[in-house]
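> only geometry, no sequence info:
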């Protein structure tokens with residue numbers, strides 16, 4: 001019996017296409033999730049499907065925090081979500097959630113951020129944009145701290161910079 005290399009190559013290519021390109025390392029430490037020490041006491045989260053069809057549902061007059069999550073609701077699957085990225089709108093400015101979200105609809109801007117391009121390119125069909133508007137009483141510093149706290153709790157695979165410094169260093173050991 002001779003080695004049929006073509007059959008092995010076909011299998012490897014199929015595995016990469018169907019599984020490998022969607023593979024993510026996800027770390028969700030329970031103690032970080034269970035923390036109740038956040039900069040704000042509560043947030044009112046809403047979401048839309050990724051794309052521009054529901055753009056008008058995203059506030060154009062408020063800053064806030066947002067997250068991209070893999071989520072697909074139907075009558076068979078249990079409720080689920082995999083948070084891929086957390087960010088803020090209004091970092092040192094009054095930039096609105098809608099204006100920030102539009103950056104993720106702009107091909108030129110997305111292509112400049114390879115991780116974000118991968119996230120959108122691979123999961124756009126099941127990607128949701130979650131957002132929580134915040135009031136003007138919340139300072140930019142408070143918003144940035146909240147972003148860091150949520151990124152530290154979830155450690156989203158496409159969020160790199162806005163984590164607690166100690167966790168960021170420890171996470172590097174697994175990349």
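Cool, got the structure. Since we're looking at a predicted model, the values are computed, not measured.
> Kindly tell me how buried residue 135 is, as a neighbour count.
Neighbourhood size, residue 135 [other Cβ atoms under 10 Å]: 9. (Glycine included, C-beta is placed from N, CA and C.)
> quick one, phi/psi of it?
According to degrees, to the nearest 10, the main-chain angles of residue 135 amount to phi -80, psi 170.
> Tell me the pLDDT of it.
Looking at residue 135, its pLDDT reads 92.
> Kindly state the beta-bridge partners for the residue nearest the centre of the chain.
The chain has residue 85 as the residue nearest its centroid, 1.9 Å off, counting by Cα atoms, centre = their mean. Counting by DSSP bridges, residue 85 forms beta bridges with residue 68.
> what's the helix or strand for residue 47?
For residue 47, the host element (DSSP states H and E) is strand 46-49.
> Where does pLDDT dip in the chain?
Within the chain, the segments meeting pLDDT under 70 span 1.
> for it, what spans make up the strands?
46-49, 63-70, 82-89, 127-134 (DSSP state E).
> how about the strand holding residue 47: buried residues?
Neighbour counts over strand 46-49 (16 or more other Cβ atoms under 10 Å) mark 47, 48 as buried.
> now swap in stretch 83-103 and tell me
Buried-residue list, stretch 83-103, by 16+ other Cβ under 10 Å: 83-90, 96-101.
> Isn't the residue nearest to the centre of the chain up against residue 160?
No - counting by Cβ atoms under 8 Å, residue 160 is not a contact partner of residue 85; they are 9.5 Å apart.
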